[in-house]
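Peer 1: Predicted model, plus sequence, below.
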Amino acid sequence: LFDPAALAAALDLFLHWQTFLWLIIGVFVGTGVGAIPGLTASTGIAVMLPVAFFLPVAPALGLIIGVYKGAIYGGSISAVSFGVPGTPGAAATVYDGYKLTQKGQGRKGLEMALYASITGDTLSDIFTIFVAPMVAVVALAFGPTEKVWLLMLGMVLIGALTGKHLLLGLMSAIIGVFLASIGRDPMAGVTRMTFGQWWLMDGIHLIPLVIGIFAMPVILLEAAKLLGERRAAGTGEQEKRKSVWKTGPGLSFQEFWRTRKELGIGTVIGSFIGMLPGLGSTPAAFLSYALAKHLSPYKKIGTGVLEGVAAPESGNNATCGPTLIPLLAFGIPGSPAAALIGGALMLHGATPGPRMFVYYPDVIYALFMILLVANIVNLGIGRIFARVYATLAQFPKPVLIPLILMLAIIGAYAARANPYDIVIMLFLGILGFGMIVVDMPTAPLVIAFILTPMVEENLRRALIMNPGNPGKALFGSPLAIGLILAMVVLVFFTVQFLKKVEE
Amino acid sequence: MAMQSFRQRLQTKQGIGIVIALLSGGVLVYLFLTPWALRKLSDGFYLGFFNMLSIGLLLLMGLGLAADKHRKEVPEELKTLTLRGFLGVLGLAAGCLLYFEVMRRIGFLVITPIFLFIAFFALKLGHWWRCVVLAVVVTVIVYLLFSVVGLELPHGFLSVELPI
C-alpha cells in the first residue's frame, strides 16, 4: 500500500514551480467560474482541458483539480452575496447565506463559506488518501466478467441518479455508449458507425466531446435566452443586481468553532455521497443542510445563521476528494469532474483504475499532494479575492458568451490540430443544448463515453476466456451476480432515498 | 390552431419520447442495412453489437418516456425557448464554424476581433464603439495568454516573416 520510492518520485513531480503555478491559475479561474451563475465546475474544466493536454502530468492535474475545487467553493460567493447560487451545489447555501448578507453580515457569511469549504474539503481528502488504496486492493482481484458488471453498475447508477428523470438520465448514458462505439473497435481495429466519413475512423476524441457537451450547451443556452429577448441586454432581467454585501465584522474563531457540529455533519455526508457515483455536490449540500437543521432545531438554521452556511458548504466541498475514490479504485468516474480528471490522466497515458496504483504510484501520490495543497491555495485566493469575485458574479453575459465560444473553438482545435474536431464539437454542442432543453442531464453521456471502451474490452476478454459460452462469460462468478443484484438494489433504494430528500 | 396544438404536444415529454424513438428507429434501420453491423469478428463478437444495443435501448426508452406518468410535463427550458432564440443558437454555431474556417486561412489576430465584435453587437452589449474596443482588447489578451502557455494559434498570412 505504501511505496517510499514512489513517494520520492511523486515529490519530484509535485515540487516543481509549474505545478504550483498551474494550481494557483486553476483555483483562480475555478473560483471565478463558480462565482458566475450559469457556469459550473464542468464548464470550467472543459474549457481548461486542452491546456492540460499540453502540460506535464502534475501541472495538468494541478490545473484541473484547482479549477474543480475553486469552482465548488466559488458557487457560494454569489449565493451569499446576491442570493443566486453560482453553481447548483451552492443552492442550499442561499437560505442562510443571503439572509446573513441582508442582515449586514455578508463578510461573515462569505468567510464562513470559505472556512467550511476548506475544512470539509481537507478532511475528506485525507479520508480519500486512506480509503482509495484499500478499495483498489479489493478491485485488483476482479476479473474481466466482474469488471464488466462493475463498470455497468457505475454507468447505470450515474445514468439513473443524475438529473430529475430516471429515463432521461439513462438515455443520456446510452447516447454516450453510442458515441463511444463510433470508430475502430478496441480489439480488432475494424471501423464501424463512421457514416462513410474517413475522419470518424479514429472515433470521437475526448476533448471536443467534453467541450461540446459541457461548455458549448451552457453558452448556447445563455445565448438563446439573450437572443430571445427583444429588449437590450442591459435592461430588464439583465439589470445588474446591486451588491448588498456590506463589509461588516469578520468571522471570529469562536463563531467558527461553534459550527463544528455542522461542519462534521457536512464532512461525513459529503464524503459518503462523494464516493457514490452519480450523486455529486448538490444532494450532498442539501442533505447536510437538512440533517443539520433536523439535529439542531435550537440553532434556528434557515433564519440566517452561520451554521446554515457551514453545513451545506462543508457538504458540497467534501465531495471533491471522495469522488476520486471510484475513479482511482475501479476506473469509474463518480462525477463529471472526476470524469474530466480521469480524462486528463488518460491524455497523459495513465488510465485510472486499480492498476494505476501498481504502474503509476508516483502519479497517484502526486495527485494526493495536489488535492491537499489545492485547499491551501483555495483558502489564500478565497481570503484575498472574495470581494473581487463577488463583483465578477455580475460579469455581463454578452461578453462572457463570445469569450467562452472563442476559447471552446481554440481549445477543441489546439489539442490535435484537427479541423474536424471543431465540426464534432459544434455538433455535440447542439446535441448537448438539445439535451439541456429537454431536461436530459449531460454528465452520464460523458461518463458512459469514457467507460464504454473499458466495458467492451473486458466483455470481449471474458468471451475469449469462455469460448462458446457467453452465459458463463457474463454470469460465471458469484461476484458478478452479486454486482448485478447490487446494481438493481442500489438504484432502487437510492431513487427512493432521493425522493424522500427532495420532499 | 391545429399547428399550435401539435407544437404544444411536441414540447411535452411524450412528444420528446416519440421524436427520440423515431430517430432511434431510423438509425436502427440504417444499421441493419449496413454490411458491417452483423459482421462476426474472429472472437465471435458482432461488430455492431454496441451500436445496435445502444440504439435499441434508446428506442425502448423513447417509447417508455412517451408512456411515462410524467408524459404531459413540459421541460422548463423548453417552455422558455423561443423560435428566435433557437434559430439564434443555430446561427451562432454556424458562425463559429465560419469563424474557425476563416481563422485557419487569414489568422487568429485578424478574424477574432471581427467575430467578437459581431457577437458582442448581436448579443446587445451596447454601443458599437464599446464592442469594437472590447473585441480588440480581448483578442490581444487571449493571444498573449496563449503565447505564454505555448499554444500556437493560427497565424494565417501574419505568419510571413518580415525582412528586418
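Peer 2: That came through, no problem.
Peer 1: For the most centrally placed residue in chain B, list the residues it contacts.
Peer 2: Geometric centre of chain B, nearest residue: residue B:93, 6.2 Å, by Cα atoms, centre = their mean. Contact analysis of residue B:93 by Cβ atoms under 8 Å, 6 or more residues apart in numbering or on different chains lists A:220, A:426, A:429, A:430. From N, CA and C alone the C-beta is placed, and that goes for glycine too.
Peer 1: hang on, it in a strand?
Peer 2: No: the assignment for residue B:93 (DSSP: H, G, I helix; E, B strand; the rest coil) gives helix, which keeps it out of a strand.
Peer 1: So it versus residue A:405, what's the distance?
Peer 2: 9 Å (Cβ to Cβ, to the nearest Å).
Peer 1: next one: residue A:37
Peer 2: From residue A:37 to residue A:405 the distance is 18 Å (Cβ to Cβ).
Peer 1: quick one, which of the two is more surrounded?
Peer 2: residue A:405 (24 against 20; other Cβ atoms under 10 Å in any protein chain shown).
Peer 1: continuing past the helix or strand where that one lies, what's the next helix or strand?
Peer 2: Taking DSSP states H and E as the definition, residue A:405 sits inside helix A:397-414. Remark: after helix A:397-414, the chain's next helix or strand is helix A:419-437, criterion DSSP H and E.
Peer 1: touching chain B at all, that next one?
Peer 2: Yes: applying Cβ under 8 Å from any Cβ of the partner chain, one finds helix A:419-437 touching chain B at A:419, A:422, A:423, A:426, A:429, A:430, A:433, A:436, A:437.
Peer 1: Buried only: go through those residues for me.
Peer 2: Applying 16 or more other Cβ atoms under 10 Å in any protein chain shown to the residues of helix A:419-437 next to chain B, the neighbour count classes A:422, A:423, A:426, A:429, A:430, A:433, A:436, A:437 as buried.
Peer 1: For residue A:191, give me the backbone phi and psi.
Peer 2: phi -80, psi 150 (degrees, to the nearest 10).
Peer 1: separation between it and residue A:290?
Peer 2: Relative to residue A:290, and taking Cβ to Cβ, residue A:191 is found at 51 Å.
Peer 1: by contact count, what packs against the helix-or-strand element of chain B with minimal mean pLDDT?
Peer 2: For chain B, counting by mean pLDDT, DSSP states H and E, helix B:2-11 ranks last in confidence among helices and strands (a mean of 74). With contacts taken as 3 or more Cβ pairs under 8 Å, 6 or more residues apart in numbering or on different chains; DSSP states H and E, helix B:2-11 sits against helix B:13-33.
Peer 1: quick one: contacts of the helix it packs on?
Peer 2: The contact list for helix B:13-33, computed with Cβ under 8 Å, 6+ apart, reads A:165, A:171, A:193, A:438, B:9-10, B:37-38, B:48, B:51-52, B:55-56, B:58-59, B:61-68, B:70-75.
Peer 1: Would you mind checking these for buried ones?
Peer 2: A:165, A:171, A:193, A:438, B:37, B:48, B:51-52, B:55-56, B:58-59, B:61-66, B:68, B:71, B:73-75.
Peer 1: In helices, which of the residues you listed fall?
Peer 2: A:171, B:51-52, B:55-56, B:58-59, B:61-66 (DSSP state H).
Peer 1: Reformat these as TSV; add pLDDT and distance to residue A:156.
Peer 2: Formatted as TSV, those follow (pLDDT from 0 to 100; distance: Cβ to Cβ, whole Å):
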residue	pLDDT	distance to residue A:156
A:171	93	12
B:51	91	19
B:52	93	19
B:55	95	18
B:56	95	16
B:58	95	15
B:59	95	18
B:61	93	13
B:62	94	18
B:63	95	19
B:64	93	15
B:65	92	17
B:66	92	22
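Peer 1: and the two most separated of the residues you listed?
Peer 2: B:51 and B:66 (22.8 Å; Cβ to Cβ).
Peer 1: Surely residue A:357 touches residue A:364?
Peer 2: Yes: Residue A:357 lies in contact with residue A:364 (Cβ atoms under 8 Å); the separation is 6.0 Å.
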